[in-house]
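J.: how would this look folded up:
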Amino acid sequence: MVGHIVMWKLKDSAEGKTAAENAKIMKDMLSALPGLIPELRTLVVSADVFASIPETQVVLYTVFDSPEDLQTYQVHPEHQKCVAFVSAVAAERRVVDYNF
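T.: Below is the predicted model:
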């Protein structure tokens with residue numbers, strides 16, 4: 001099994017919206033992916049981060065059966081739609097991939 005965790009700090013404003021508004025959009029977009037990408041076993045996303053160092057507004061936890069499934073997810077067109085939006089609104093991104 002492979003865990004994939006991503007944490008984002010958002011720009012104060014982007015795409016004509018506040019960071020809080022963009023966090024909600026990100027959560028909604030990412031939450032829709034499990035029904036669209038079969039390789040995605042588990043997805044949990046939160047825009048209600050109450051403690052983090054460094055500052056984080058959105059966190060994503062996903063699980064895959066293999067590194068190859070993670071790669072399939074990363075290049076999937078539905079995921080790439082999320083990537084395009086997130087790239088426009090995120091100021092920082094941190095990622096960890098691990099086996100368990």
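
J.: Can you tell me which residue sits nearest the middle of this protein?
T.: The residue lying closest to the centre of the chain (CA atoms, centre = their mean) is L60, at 4.6 Å.

J.: Strand partners (parallel or antiparallel) of the helix or strand hosting that residue?
T.: Remark: L60 resides in strand 58-64, with elements defined by DSSP states H and E. Sheet pairing of strand 58-64 (DSSP bridges) gives strand 2-10 (antiparallel), strand 42-46 (antiparallel).

J.: roughly how far apart are the closest residue to D97 other than its chain neighbours and Q57?
T.: Using CB to CB, 6 or more residues apart in numbering and skipping the chain neighbours, the partner closest in space to D97 is H4 (5.2 Å). Any C-beta I mention is one placed from the backbone N, CA and C, and that applies to glycine too. The gap separating H4 from Q57 is 18 Å, by CB to CB, to the nearest Å.

J.: Over to L30?
T.: According to CB to CB, L30 stands 13 Å off from Q57.

J.: N22 is in contact with L10, correct?
T.: Yes - using CB atoms under 8 Å as the test, L10 is close enough to N22 to be in contact (5.6 Å).

J.: Are there residues contacting both of the two? Which ones?
T.: Common contacts of L10 and N22, defined by CB atoms under 8 Å, 6 or more residues apart in numbering, comprise V89.

J.: circling back to that earlier point, could I have the CA atoms of the strand holding L60 written out in CSV?
T.: Extracted C-alpha coordinates of strand 58-64, given in CSV (Å, rounded to 0.1, in the frame of the first residue of the first chain):
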residue,chain,number,x,y,z
VAL,A,58,-5.8,22.2,3.0
VAL,A,59,-4.6,18.7,3.6
LEU,A,60,-5.1,15.6,1.4
TYR,A,61,-4.6,12.0,2.4
THR,A,62,-4.9,9.3,-0.2
VAL,A,63,-4.1,5.5,-0.4
PHE,A,64,-3.2,3.4,-3.4
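
J.: Buried residues of that strand, list them for me.
T.: Residues of strand 58-64 classed as buried by neighbour count (16 or more other CB atoms under 10 Å): V58, V59, L60, T62, V63, F64.
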